[in-house]
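**Student:** Pasting a predicted model and its sequence here:
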Amino acid sequence: MAHILLVRHGETDWNKAHRLQGHLDIDLNEQGQIQAQLLGKALAKEKIDIAYSSDLSRALKTANTITAHHDIPTFIDSQLRERCYGEIQGMTYQEIEEKLPDNHRAWHSREPDFQPLGGETLRQFYQRVTLSMERIAKNHLGQVILVVAHGGVLDCMYRCAMQMDISEKRKVELLNTSLNRLKYTEERFELESWGDVSHLNNQEAMDDVDSGNQSTPWLLP
């Protein structure tokens, strides 16, 4: 069995602006750095054996902030990147809807095989993420693995663990620096808890954080 601590990167300015990042390398903003620091402190005394991170700086800086409290190696893995959205990367959600309505419709209706120009289909993205996560888990059986990635990666792994179709409407939030616990056993992933952002409540001034980030995690029976 392997235990996975799956984390979404801290906030970026593009998150706040509802601008699609995809493979574009957007850095953490000040709030995102604070969020990463709070999570790092919350996990400082927790056993973590090894860390993996997407190669995009918003994820890697979040990972490095967490692992600063641990004497463990961090492996950079480009297969943990967000979905590549091709021509709609860098656009706000409103701009996509206005300028490329077919892309917007396919994106929001979760059409598995729709491919934005220069990008990945949802099915390709899901296969990339789940195969990479399975490889990581199998390579570290018996260990606790920190994986820092992106909202789309979290979504894929939730669906994988819950055996939920990729075209089905999303049921959970994908919060910045949320802590999501999974285990890998008997050739499959299972969820232990989801959406823990209780560490953010330790910050005295949370004015810039979406009120949705104050939610508590739900635990699976």
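**Tutor:** Received the coordinates, thanks. Numbers count the residues shown, from 1 in each chain.
**Student:** Within its sheet, name the partner strands of the top strand by length along the chain and how each one runs.
**Tutor:** Identified as the longest strand of the chain according to DSSP state E is strand 188-196. Sheet pairing of strand 188-196 (DSSP bridges) gives strand 179-185 (antiparallel), strand 218-219 (antiparallel).
**Student:** what's the most buried one of those strands?
**Tutor:** Stretch with highest mean neighbour count among the strands paired with strand 188-196: strand 179-185 (a mean of 20; mean count of other C-beta atoms under 10 Å). All C-beta atoms are positioned from the backbone trio N, CA, C, and that covers glycine.
**Student:** which residues touch that one?
**Tutor:** 1-7, 39, 42-43, 134, 137-138, 141, 154, 157-158, 161, 189-197, 199, 217 (C-beta atoms under 8 Å, 6 or more residues apart in numbering).
**Student:** let's go with 7 Å and repeat that
**Tutor:** Here strand 179-185 makes contact (C-beta atoms under 7 Å, 6 or more residues apart in numbering) with 1-7, 39, 137, 154, 157, 161, 189-196.
**Student:** Show me which of those are buried.
**Tutor:** For these, a burial check counting by 16 or more other C-beta atoms under 10 Å picks out 2-7, 39, 137, 154, 157, 161, 189, 191, 194-196.
**Student:** any idea which residue sits dead centre in this structure?
**Tutor:** In the chain, the C-alpha closest to the average C-alpha coordinate belongs to H150, at a distance of 2.9 Å (C-alpha atoms, centre = their mean).
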